[in-house]
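Engineer: Give me a model of this one.
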Amino acid sequence: MLARTDTLAAIRDALPKEGLFAEKDWLLSPDAFPIERKFLTELEQLGHRLFVFQRACNQLYQLSVKGKQPAWVARYLDAGKPKELIEFSRRKEIRDDLPRVIRPDLIVTDNGYIIAEIDSVPGGIGLTAWLNQTYSAFDKQIVGGADGMLEGFQSVLPNGGDIVISQEASTYRPEMEWLAARLKDRQPDWEWRVVAAENYEARDSRAVYRFFELFDLPNIPKIDSLLHTNAEGRVAITPPIKPFLEEKMWFALFWLRPLYEFWRRELGEKYFLKLQEVIPYSWILDPTPLPQHAVIPRLEIHDWREAAKFSQKDRDLLLKVSGFSPLGWGSRGISLGSDLAHAEWEKRIDNALATFDSSPTIMQRFHKGRLLAHRYCEPDSDELKTMKGRVRLCPYYFVEHDQVKLHGALATIVPADKKFLHGMRDAILVPSRTEAR
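Structural biologist: Predicted structure coming up:
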């Protein structure tokens, strides 16, 4: 094991001169994030549960469209989306296509963890690959090992392909360029390219990894050509062009009582109960009036405007823009009720109800992350310090022939006073390691 000063020097020396995030940095640490073996086993099992959950989501939407499940399911999921995009997502040629990369955002809590959301177009793949490779030089217990993330992503584009990234996602371009270069080093006979979505032209038999959100399609001039080649089976695209799969409201649909039997049947009793333990209770802010005898479950209110009158103590609730919007990406469309003044909370609920048809919002129980200590290097003084913070853990699962494998786990540790756990200048970003105990 290297001395801590040598470890930090090795990490700095390994940083690509082009960087990994455009105009962004983070706090370095000599220590990977420790995960007990029992928790690692749970993470490994979670991957297949989430694959089965996404498969069930795909099935539920299509059954709703066909009238074999409630029509309101598809109506909710299609809200605010262009007709042409909805029609494309329903094409039989891509009916069974599912994301090949699954990355949930896990909040480590005092009682275990909860899934804040599942990222549809996740960043951090290249960063986590670099972290795993770099830390594995001095730590043999890194989750996924030195090459796990590279192997995982190569399984998505096994014969080379194009990583098509939009201007909206350009922050992540450096990490994907690093990733593509390392894949080329491993397999010189194949080519992995990182190309701008705005001027991309599809090539027959050239697989595409989509690194752009579907709300961004109007900014991609030649998107019709790409979709056409995909529909004809000449080009495979992952994640698939299915906006309904990229909605946060799936967590609310998971808890709806009329869908209970569907989820139990499609997931199986064991997976259904396991996911109930980690999917936070969520609601769709639908302004449709309820019958006079009905209440909104667990809130015991008859109208969403009653939620606007909740005391601060009762407002440990998140509002999240569900999906098809620039506000649905990252933490831009998230607000925590207990952090807002009463008037602002009321205003945001009113806005969510008013914009429901074009941009649905969900409400979700807020779960506070567990406090823990992790060392980091103070950038100005180069001094090792300890941060008391909370952790967002992002395991990366790669799907190949219905097999789901965990290839790495990125830990983001943010200061204790931050409510939303995401990458920022004062956050520590490290890979995860297995602890013996």
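Engineer: For residue 387, give the beta-bridge partners.
Structural biologist: For residue 387, the beta-bridge partners under DSSP bridges are residue 374.
Engineer: count of residues packed around it?
Structural biologist: 19 (other Cβ atoms under 10 Å). Placement of C-beta: from N, CA and C, glycine included.
Engineer: so how far is residue 417 from it?
Structural biologist: Distance, residue 387 to residue 417, using Cβ to Cβ, to the nearest Å: 11 Å.
Engineer: and what of residue 370?
Structural biologist: Taken as Cβ to Cβ, the span from residue 370 to residue 417 is 15 Å.
Engineer: Looking at these two, which is more packed in?
Structural biologist: Legend: neighbour count by other Cβ under 10 Å for residue 370 and residue 417, higher for residue 370 (15 against 8).
Engineer: Wait, that one touches residue 390, no?
Structural biologist: Yes: taking contacts as Cβ atoms under 8 Å, residue 370 lies within contact range of residue 390: 6.7 Å.
Engineer: can you list residues touching both of those two?
Structural biologist: Common neighbours of residue 370 and residue 390 (criterion: Cβ atoms under 8 Å, 6 or more residues apart in numbering): residue 108.
Engineer: Helices of the chain, start to end?
Structural biologist: Ranges of helices in the chain, per DSSP state H, are 4-14, 37-65, 71-78, 83-89, 125-135, 148-156, 173-186, 223-231, 250-255, 260-267, 269-278, 304-307, 342-354.
Engineer: what would the ones you listed look like in TSV with distance to residue 425?
Structural biologist: Listed next are those as TSV, based on distance: least, Cβ to Cβ, whole Å:
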stretch	distance to residue 425
helix 4-14	17
helix 37-65	28
helix 71-78	36
helix 83-89	35
helix 125-135	15
helix 148-156	24
helix 173-186	16
helix 223-231	34
helix 250-255	29
helix 260-267	40
helix 269-278	30
helix 304-307	34
helix 342-354	26
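Engineer: Going by mean pLDDT, which of those helices comes out lowest?
Structural biologist: Confidence, taken as mean pLDDT, is least for helix 4-14 of the helices of the chain (a mean of 87).
Engineer: Return the set of buried residues in that helix.
Structural biologist: Of the residues in helix 4-14, 7, 8, 11 count as buried by neighbour count, 16 or more other Cβ atoms under 10 Å.
Engineer: Repeat that for stretch 71-80.
Structural biologist: Using 16+ other Cβ under 10 Å as the test for burial, stretch 71-80 gives 73, 74, 76, 77, 78, 79, 80.
Engineer: Let me know the distance separating the residue lying closest to the fifth one once chain neighbours are set aside from residue 436.
Structural biologist: Same thing as residue 78. Closest residue to residue 78 apart from its sequence neighbours, by Cβ to Cβ, 6 or more residues apart in numbering: residue 86 at 5.2 Å. Using Cβ to Cβ, we find residue 86 at a distance of 51 Å from residue 436.
Engineer: between the two, which one's more packed in?
Structural biologist: A count of neighbours by other Cβ under 10 Å puts residue 86 above the other of residue 86 and residue 436, at 15 against 7.
Engineer: these two touch, right, the more buried one and residue 77?
Structural biologist: No: between residue 86 and residue 77 there is no contact under Cβ under 8 Å: 9.2 Å.
Engineer: Next, show the common contact partners of those two.
Structural biologist: Both residue 86 and residue 77 are in contact with residue 243, where contact means Cβ under 8 Å, 6+ apart.
Engineer: Tabulate the buried residues of helix 4-14 in CSV, adding columns for distance to residue 34.
Structural biologist: CSV is the format used below for the buried residues of helix 4-14 (distance: Cβ to Cβ, whole Å):
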residue, distance to residue 34
7, 15
8, 18
11, 17
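Engineer: Pick the one among those residues closest to residue 307.
Structural biologist: Nearest to residue 307 among those is residue 11, at 46.3 Å by Cβ to Cβ.
Engineer: Just list the residues touching that closest one, thanks.
Structural biologist: Going by Cβ under 8 Å, 6+ apart, residue 11 touches 28, 30, 134, 135.
Engineer: Just the buried subset of those, please.
Structural biologist: 28, 30, 134, 135.
Engineer: The closest residue to the second one other than its chain neighbours and residue 432, how far apart?
Structural biologist: So the one you mean is residue 30. In this structure, residue 30 finds its nearest non-sequential neighbour in residue 7, 4.2 Å apart by Cβ to Cβ, 6+ apart. According to Cβ to Cβ, residue 7 and residue 432 sit 16 Å apart.
Engineer: ok, now residue 275?
Structural biologist: Distance, residue 275 to residue 432, by Cβ to Cβ: 22 Å.
Engineer: now residue 156
Structural biologist: The gap separating residue 156 from residue 432 is 21 Å, by Cβ to Cβ.
Engineer: which one of these two has more residues nearby?
Structural biologist: Counting neighbours by other Cβ under 10 Å for residue 156 and for residue 432 shows that residue 432 has the greater number, 29 against 20.
Engineer: Show the contacting residues for that one.
Structural biologist: So residue 432 contacts 32, 33, 34, 35, 142, 143, 393, 408, 409, 410, 411 (Cβ under 8 Å, 6+ apart).
Engineer: any chance you could map the strands in the stretch 101-250 of the chain?
Structural biologist: Along the stretch 101-250 of the chain, the segments classed as strands by DSSP state E, counting those that start in this stretch run 101-109, 112-119, 161-165, 192-196, 208-211, 237-238.
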